[in-house]
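Colleague: below is the sequence, then the predicted model.
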Amino acid sequence: MNRLGSFSSLSLLRGRLAVTFAIAALISLSGIATAQEWPNYGGDLGGTKYSALAQINRQNVKGLKVAWTYHTGDVSDGTTYNYKSTFECTPLVVDGVMYITTPFSRVIALDPESGKALWTFDPDLDKDRPINLFISRGPAFWQKGKEKRVIIGTLDGRLIALNALDGKPIQSFGENGTVDLARDTGAAYPGKMNGMTSPPLIYHDLIITGSVTADGEPRGPSGDVRAFDVYTGKTVWRFHVVPHAGEVGNETWEKDAWQDRAGVNAWSTLSCDKERGLLFLPLTSPAHDPYGGDRKGKDLFGNSLAAVDANTGKLVWYYQIVHHDLWDYDLPAQPVLVTVRRNGKLVPGVAQVTKMGMMFLFNRVTGEPLFPIEERKVPASEIAGEETWPTQPFPLKPPPYARQSMSLDEITNVTPESRSECLQIMGDALPKDIYTPWDSKLIYSFPGDNGGTNWGGASYDPSSNVLFVNSMDIAVFGSLEKTPEGSSFPYRYRIGKALWFWDSNWYPCQKPPWGQLTAIDLNTGKFRWQVPLGVEDALVARGLPPTGAPNIGGSMVTAGGLVFIGATNDGRFRAFDRDTGKELWVTKLPASGFANPMTFQGPKSGKQYVVIAAGGGNKYDKHFSDALVAYTLP
């Protein structure tokens, strides 16, 4: 951990003037999108997922109707191809054109008010290459004067620059419009996963990329974060996510364990304070994560929020949120740039939500925690050769917004059938708290390796200084077993009787709630409200109240006082009152909306539209679709 500066005490944000200053500061520092457009994945480079549009508001949101639906044609249920798809794209709207990517990494330009296709680009993705899912969360956009480019990273490891006017590759970029991302990070591991699922970040004339890499074995392609010249595709800088000899953090790896270490990549979305030139990296766990006996130590910059100079890639500060990760507790979500008041002064902050259901808040310039964090003792491993780190960081505020433990008297009772099945699945498995290491006995542990919160992250309302974050509670269920002789690591994770601790209907095996939406006041660290997110229709039909549901994806907040969110595996798209958490509108999608919504103002009609990708699939929905759905007021 590296922190500069001093702790500051908590004070409340009061008065209209202070609110005005806070909004102005956020607009200046984070670059909130102009109200009419959505030029970045998170709305702005700071990942706030906030829109100043208020045409759709609390009073009229119930009148929303489908304006158009566009079908991409790119969908896989695992029959034609070996892998399934999930439509996780957040569209961009710039200069009256919408840009989307499909699960097969195709890029499509649409008329945003009619949904009519203007052009398409097909990178001819290698669909037989081993992957987890067909995923692409969206493109990036660069513009200087009249020159406009759409930038994408593909699952099979290509960075491609397209002319935004016609979708044709920019011939002067890389080789005929393409840069091979694996050329200098994965040459020693041909055939291993080394691509992109999240969009790159555009900072001035730099394209900055994270990556998704193979992490099933200790050694593999590097997860280094890199910047490329937007004109030529040449590498400008490279940040070593696993520090090399002589670099800060290298001493946290035992001997040469850092060399060729897989993992520690930024597979999620990066954030940037453009005014200060600060780039924020949500980094993931070192491989192989269930067992770390070959990487004793804290393992920097694994599971760290790292701030680097966006111009040079030089480290500015870092905070390791999980030491020596054994649970796949990646930092999965885009850091959110916020502004808070401390000691009567406005402080630029960065909020990081986690799979563990904990939110960490830092001064984005110095890395100082803006709520106290304490290191607490956690259990040691009983596995031979493993050396768990003795403590883990816990923020004192806000409280956890997702379940972190479970007692035996909390086994589900939503139906007799579910309870009986869950008890049978459980057998003699034991409940374990967060940060309990895996051992040879079956255990079930919250919050699970998918969270908590996953890549959908949080949205932020600057007027109320509230962060909105969705979460789910599905325990991971398994144990460690010895690997065959000659394996590259001695232990591997073994799944229990189910992928997660849920029954055959995918009802989690603990009492509800199973999914929640939480509003966190960043001034006080307290919850403004917390409500169940999602329903199980069969249980509602039996008279049960909403249980919440498994969810993947995130929210968007608007000046109309609304929080829009799909995410749940019940196939719904919802709008909540920003101030109270009351559900104001709900509609049924063609399939679950496992994506982050966006909004824009139509350049011709002047009407506000709200758009979400509804692809279902993933690991939480048996229905698959290719639908992009736009809503507006009649």
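Modeller: Structure's in. What do you need?

Colleague: rest of the way, CA atoms for contacts and neighbours
Modeller: Will do.

Colleague: contacting residues for the nearest residue to residue 588 once chain neighbours are set aside?
Modeller: Leaving aside its sequence neighbours, residue 588 sits nearest to residue 572 (Cα to Cα, 6 or more residues apart in numbering; 4.7 Å). Applying Cα atoms under 8 Å, 6 or more residues apart in numbering to residue 572 gives the contacts 534, 566, 586-589, 592-593.

Colleague: again, only using 10 Å
Modeller: Residue 572 is in contact with 534-535, 565-566, 586-593, 614, counting by Cα atoms under 10 Å, 6 or more residues apart in numbering.

Colleague: likewise residue 413?
Modeller: Contacts for residue 413 (Cα under 10 Å, 6+ apart) come out as 419-420, 422, 509-512.

Colleague: circling back: show me which pair in the contacts of residue 572 is furthest apart.
Modeller: Farthest apart among those by Cα to Cα are 535 and 614. That separation is 17.2 Å.

Colleague: could you check which of the two has the larger neighbour count?
Modeller: Using other Cα atoms under 10 Å as the criterion, residue 535 and residue 614 rank with residue 614 on top: 31 against 23.

Colleague: which pLDDT value belongs to the residue nearest in space to the middle of the chain?
Modeller: By Cα atoms, centre = their mean, the chain has its centre lying nearest to residue 455, at 1.6 Å. pLDDT, the model's per-residue confidence, is 97 for residue 455.

Colleague: contacts only, for the spatially closest residue to it that is not a sequence neighbour.
Modeller: Counting by Cα to Cα, 6+ apart, residue 333 is the residue found nearest to residue 455 once chain neighbours are left out, at 4.3 Å. By Cα under 10 Å, 6+ apart, residue 333 lies in contact with 47, 266-270, 281-283, 352-355, 453-458, 554.

Colleague: let's verify the residue nearest to the centre of the chain: helix, strand, or coil?
Modeller: On the three-state scheme (DSSP: H, G, I helix; E, B strand; the rest coil), residue 455 is labelled coil.

Colleague: next one: the residue lying farthest from the centre of the chain from residue 311, what distance?
Modeller: The centre of the chain is farthest from one residue, residue 485, which by Cα atoms, centre = their mean lies 36.7 Å away. The gap separating residue 485 from residue 311 is 47 Å, by Cα to Cα, to the nearest Å.

Colleague: for residue 517, same thing?
Modeller: Taking Cα to Cα, one finds residue 517 at 36 Å from residue 311.

Colleague: please say which of the two ends up with more neighbours.
Modeller: residue 517 (25 against 16).

Colleague: could you look up the SS state of the more buried one?
Modeller: Applying three-state DSSP to residue 517 yields a three-state assignment of strand.

Colleague: count the residues that sit near residue 408.
Modeller: The burial count for residue 408: 9, using other Cα under 10 Å.

Colleague: sorry, wrong one. I was asking about residue 391.
Modeller: Residue neighbour count, defined by other Cα under 10 Å, stands at 16 for residue 391.

Colleague: shouldn't it be in contact with residue 378?
Modeller: Yes. Assessed by Cα atoms under 10 Å, residue 391 is found in contact with residue 378 at 5.4 Å.

Colleague: roughly how far does the closest residue to residue 350 other than its chain neighbours sit from residue 322?
Modeller: Sequence neighbours aside, residue 337 is the residue nearest to residue 350 in space, at 4.5 Å (criterion: Cα to Cα, 6+ apart). Distance check for residue 337 against residue 322: by Cα to Cα, it reads 21 Å.

Colleague: residue contacts, residue 603?
Modeller: By Cα under 10 Å, 6+ apart, residue 603 lies in contact with 36-37, 95-97, 112-113.

Colleague: which ChimeraX command selects the buried ones in these?
Modeller: Buried subset of the contacts of residue 603, written as a ChimeraX selection, criterion 16 or more other Cα atoms under 10 Å:
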select :36,37,96,97,112,113
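
Colleague: redo the contacts of residue 603 as CSV? Include distance to residue 496, secondary structure and pLDDT.
Modeller: Formatted as CSV, these follow (distance: Cα to Cα, whole Å; DSSP: H, G, I helix; E, B strand; the rest coil; pLDDT from 0 to 100):
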residue, distance to residue 496, secondary structure, pLDDT
36, 49, coil, 89
37, 46, coil, 96
95, 51, coil, 96
96, 50, coil, 96
97, 48, strand, 98
112, 46, coil, 98
113, 48, coil, 98
